[in-house]
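Enquirer: Provided below for reference: sequence and predicted model.
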Amino acid sequence: MASIQLKKVKKIYPNGFQAIHGVDLDIKDGEFLVFVGPSGCAKSTLLRMIAGLESISDGEILIDGRCVNDELPKERGIAMVFQNYALYPHMSVYKNMAFSLRGNFTKEEIEKRVLDAAEKLELTQLLDRKPSQLSGGQCQRVALGRAIVRSPEVFLFDEPLSNLDAKLRVTMRLQLIELHNDLKKSGKNATMIYVTHDQVEAMTMGDRICVLNQGQIMQVDKPTELYHFPANKFVAEFIGSPPMNLWDAKIKGNELLIQKEVSITSNERLMGIIHNYQEEQVTFGIRPEDIKVLNFDRDLLTSPNHFTAKIKTIERMGNEDLLHCQIGNVVVLTRVATSLEWEPQLEEEIILVFDLDKVHLFDIKTEKNLGINK
Ligand SMILES: Nc1ncnc2c1ncn2[C@@H]1O[C@H](COP(=O)(O)OP(=O)(O)OP(=O)(O)O)[C@@H](O)[C@H]1O
């Protein structure tokens, strides 16, 4: 059992580059937390600082209330699983898994731990093989086994699945979630921190997700909260696939003018926000599924917020079509469930209706979501 706190943690590398700018974070005991963000945002740096593999330039890292700034990695009760497995090539699977236990436990205890972990990870039949005789997924399971045998209170994962093919990644993802749940059930609650740049992986695995950008935390929240209530434009853009539509809009009275062909008449909720922004610009965001697609009907065009659009590109996904449409010069992404009654065609004219209850407005300068307090 272990909670982890980061207090005003900073990292300045010896060359003077500041990778982390004062991060505060509370990770709960037994939580599965994911660090996600684009390449270079300092996910690995932060993880390595928690592991003790990277020094802390300023601030404090606490594990169960104990400051670990000056503790060695092996004193922290942490096991780390890397992307490149880091297995010993000349040792069998059994020996790879037993290696870190040597000297600390009896032979019988080591055997028990290795066999238990092997069973959990379906490696029992492979214990005599060398890493070169294993598939990528099997190597990754051995790397995981090496962490499990130590019964650490904290598991740290640095993009552990990125060398695997897409299908295996999904299988391993589930195995990790199950491992976390099984440990909880057996009373050996483990705190897990998982690094990925893949927002789908982050969303499917994390109890909570910590979105990072340029060495700063953008938002820490549950997946559904992040999706529906992004704290800022960065999170809105980064989380969700296909991505949110984002346009600059000028406020004039109760109108949000995106371009002359696309002027949105605001509802009461948006009015509450835009009255402070008269004659100024905001960023207007709406997710593709929050734009309704209707068959073309001239009569409908007299209703507010109904626009004629032309379909320019179609991505057919099977269960749904992603339609890249154009209203004047504005490109709008929408998604519609497929049906046997209507198959969208290129250059077809349709009507798009924006669901104003789902619109997000962001401050142009601070990029904060003006509709929520996070
Ligand atoms: N030893 C170092 N010296 C100087 N700068 C470094 C060093 N290691 C990393 N950096 C820089 O710190 C920043 C964060 O790197 P880090 O590896 O933590 O990012 P990341 O989010 O894990 O990236 P990726 O997803 O590409 O692995 C990057 O700009 C990187 O160039």
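Expert: Thanks, I have the structure now.
Enquirer: which helices and strands does the helix or strand hosting residue 95 pack with?
Expert: If you go by DSSP states H and E, residue 95 is part of helix 93-98. For helix 93-98, the packing partners by 3 or more CB pairs under 8 Å, 6 or more residues apart in numbering; DSSP states H and E come out as helix 107-120, helix 136-148. Heads up, the C-betas are built off the backbone N, CA and C, glycines and all.
Enquirer: which strands and helices sit next to the last one?
Expert: Helices and strands touching helix 136-148, as assessed by 3+ CB pairs under 8 Å, 6+ apart, comprise strand 78-81, helix 93-98, helix 107-120, helix 166-185.
Enquirer: picking that back up, pull out the buried residues from the helix holding residue 95.
Expert: Residues 93, 94, 96, 97, 98 are the ones in helix 93-98 that count as buried (16 or more other CB atoms under 10 Å).
Enquirer: what angle separates the helix or strand bottoming out on mean pLDDT in the chain from helix 107-120?
Expert: Here the helix or strand of the chain ranked lowest by mean pLDDT, DSSP states H and E is helix 166-185, holding a mean of 86. With axes from the mean of the first three to the mean of the last three CA atoms, to 10 degrees as the basis, helix 166-185 and helix 107-120 are set at 130 degrees to each other.
Enquirer: ok, the buried residues of helix 93-98 vs residue 122, which is closest?
Expert: The nearest member of the buried residues of helix 93-98 to residue 122, counting by CB to CB, is residue 93 at 11.8 Å.
Enquirer: Chain neighbours aside, what residue packs nearest to residue 113?
Expert: Leaving out its chain neighbours, the residue that sits closest to residue 113 by CB to CB, 6 or more residues apart in numbering is residue 149, at 4.4 Å.
Enquirer: If you could redo that for residue 122, that was the one I meant.
Expert: residue 141 (7.3 Å).
Enquirer: Distance check, the one you found against residue 182.
Expert: The spacing between residue 141 and residue 182, counted by CB to CB, to the nearest Å, is 15 Å.
Enquirer: and stretch 28-37, how far from the chain's centre?
Expert: Averaging C-alpha positions (CA atoms, centre = their mean, to the nearest Å) puts stretch 28-37 10 Å from its chain's average.
Enquirer: Let me fix that, I meant to ask about stretch 154-172.
Expert: 14 Å.
Enquirer: Show me the contact partners of that stretch.
Expert: Outside stretch 154-172, the residues that touch it by CB atoms under 8 Å, 6 or more residues apart in numbering are 2, 4, 44, 47-48, 50-51, 63, 76-85, 136-137, 140-141, 143-144, 147, 173, 176, 190-198, 201.
Enquirer: closest to the ligand among the buried residues of helix 93-98?
Expert: Taking CB to the nearest ligand atom as the measure, residue 96 is the one of the buried residues of helix 93-98 closest to the ligand, at 24.7 Å.
Enquirer: count of residues packed around residue 21?
Expert: 15 (other CB atoms under 10 Å).
Enquirer: at contact distance from the ligand, anything in the helix or strand harbouring it?
Expert: Assigned by DSSP H and E, residue 21 belongs to strand 18-27. Yes. Using CB under 6 Å from any ligand atom, strand 18-27 comes into contact with the ligand via residue 19.
Enquirer: Between residue 141 and residue 182, which has more neighbouring residues?
Expert: Neighbour count, other CB under 10 Å: between residue 141 and residue 182, residue 141 has more, with 24 against 13.
Enquirer: so that one sits right up against residue 120, yeah?
Expert: No. Contact criterion CB atoms under 8 Å: residue 141 and residue 120 do not qualify, at 9.4 Å.
Enquirer: Need the helices and strands packed on helix 93-98 in CSV (columns: mean pLDDT and distance to residue 212).
Expert: Converted to CSV, these look like this (pLDDT from 0 to 100; distance: least, CB to CB, whole Å):
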stretch, mean pLDDT, distance to residue 212
helix 107-120, 92, 31
helix 136-148, 88, 23
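Enquirer: Check those for me and report the most buried one.
Expert: Among those, helix 136-148 has the highest mean neighbour count (mean count of other CB atoms under 10 Å), at a mean of 22.
Enquirer: Who are the contact partners of residue 42?
Expert: Counting by CB under 8 Å, 6+ apart, residue 42 has contacts 11, 19, 20, 212, 214, 215.
Enquirer: From residue 23, how far off is it?
Expert: Counting by CB to CB, the gap from residue 42 to residue 23 is 9 Å.
Enquirer: With residue 282 instead?
Expert: Taking CB to CB, one finds residue 282 at 28 Å from residue 23.
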